[in-house]
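S.K.: Sharing a model that was predicted from the sequence below.
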Amino acid sequence: MDRKNNLKNEMEETKMTQEQYILAAQPNPLHQRGASVCGAQVYPAVGIYGWRKRCLYFFILLLLVTMIVNLALTIWILKVMNFTPDSPLILQSDRNVTVNARNEQGQLTGQLTVGSEMVEAQCQRFEVRNADGERVLFSADEEEISIGTEKLKVTGNEGVVFSHSVETSHVRAEPFQDLKLESPTRTLTLEAPRGVEVSAGVGDFTASCRKDLLLQSSEGEIFLDASTIRLGNIPLGSAVDPLEGAPAGTTYTKQTVYELCACANGKLYLSPAEKGSTCQTTSNFCLWS
């Protein structure tokens, strides 16, 4: 009986030794689900070791250095360009500065160029608005230029020169300054369908020309309303005395009061004033004047 038991114990020890040998001969213990030590399940440790760990730390350090350098360069650019909320934005170039606007297809729709000699804007419509953006102060397109300010002031000594017609409802000079409309080499025309009003509230109104001054009314009348109407440099008509036969060209040297006469062609002349009209006796002035 003892011999059987000893044989059985030797067989069990041999079996345990074979199992331990098989476990020790496994190529990678990580593939095992776990080993039991004193009845507890034990799993092998998993991690990055060796040169892989050193490479990972190196890349993390390189990324950190790159971020610091990028932040430092960004701050330096903002400082050099004066691009801060507390100061204006300055764009500076040795030649010119150009700002382009493009549509979704990439086509150029607007351009603003600031150069050393001029400022050029290319767009369909150019507008300048007031501070709140509600009122258009100046606008320009292919058809017209509109100025929406209450007063257009030109400070040049030569005034304003227009190559074509000008349409406006009001032309006024500065206080205590003269208003002058002048055409040195051509005709000056003031025209309106319902009339043209020229008034000088305080000073004088003067119209002068080198040749003829024409006041014409096609349907109405020309009305001169003043306390005194003076016509200077009107020629003095000569008279022929039918009784004494005075020759043509005789004038009244001592006459102080004259009568204003008109020829058929509209010319005016003076005739000596008497009890009756003397325009008939001096009408020969209209023939040789």
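M.R.: That came through fine.
S.K.: lowest-pLDDT helix or strand in the protein?
M.R.: In the chain, no helix or strand scores lower on mean pLDDT, DSSP states H and E than strand 35-37, which sits at a mean of 49.
S.K.: Could you confirm Ala72 falls within a helix?
M.R.: Yes - the assignment for Ala72 by DSSP: H, G, I helix; E, B strand; the rest coil puts it in a helix.
S.K.: Contact partners for it?
M.R.: By C-beta atoms under 8 Å, 6 or more residues apart in numbering, Ala72 lies in contact with nothing. In short, each C-beta sits where N, CA and C put it, glycine included.
S.K.: Quick check: pLDDT value at it.
M.R.: At Ala72, the pLDDT value in this model is 94.
S.K.: ditto for Asp2
M.R.: Per-residue pLDDT puts Asp2 at 59.
S.K.: ditto for the one 10 residues further on
M.R.: Confidence per residue is given as pLDDT, and for Glu12 that number is 67.
S.K.: need the strands for the protein, in chain order.
M.R.: Ranges of strands in the chain, per DSSP state E, are 35-37, 40-42, 97-102, 108-114, 119-122, 126-129, 136-140, 145-147, 258-262, 268-272.
S.K.: ok, and which of those strands has the densest surroundings?
M.R.: Neighbour counts (mean count of other C-beta atoms under 10 Å) averaged over each of those peak at strand 268-272, with a mean of 19.
S.K.: between that strand and strand 258-262, how many degrees?
M.R.: Relative orientation of strand 268-272 versus strand 258-262 (axes from the mean of the first three to the mean of the last three C-alpha atoms, to 10 degrees): 140 degrees.
S.K.: what's the spacing between strand 268-272 and its chain's center?
M.R.: Relative to its parent chain, strand 268-272 has a centroid offset of 61 Å by C-alpha atoms, centre = their mean, to the nearest Å.
S.K.: Same question for stretch 279-289.
M.R.: Put simply, stretch 279-289 sits 65 Å off its chain's centre (C-alpha atoms, centre = their mean).
S.K.: Ok, stretch 166-179 next?
M.R.: Taking C-alpha atoms, centre = their mean, the mean C-alpha location of stretch 166-179 is offset from the chain mean by 25 Å.
S.K.: Check stretch 98-118 too.
M.R.: That offset, for stretch 98-118, works out to 14 Å (C-alpha atoms, centre = their mean).
S.K.: gap between the two ends of that stretch?
M.R.: Distance between the two ends of stretch 98-118: 12 Å, counting by C-alpha to C-alpha, to the nearest Å.
S.K.: which residues of this structure fall in helices?
M.R.: Taking DSSP state H as the test, the helices found in the chain are 2-24, 51-80, 285-288.
S.K.: Sort out which residues of the longest one are buried, please.
M.R.: Yep, that's helix 51-80 we're talking about. By 16 or more other C-beta atoms under 10 Å, helix 51-80 has no buried positions at all.
S.K.: Low-confidence bits of the protein, can you list those?
M.R.: Within the chain, the set of residues satisfying pLDDT under 70 comprises 1-47, 82-84, 87, 238-254, 288-289.
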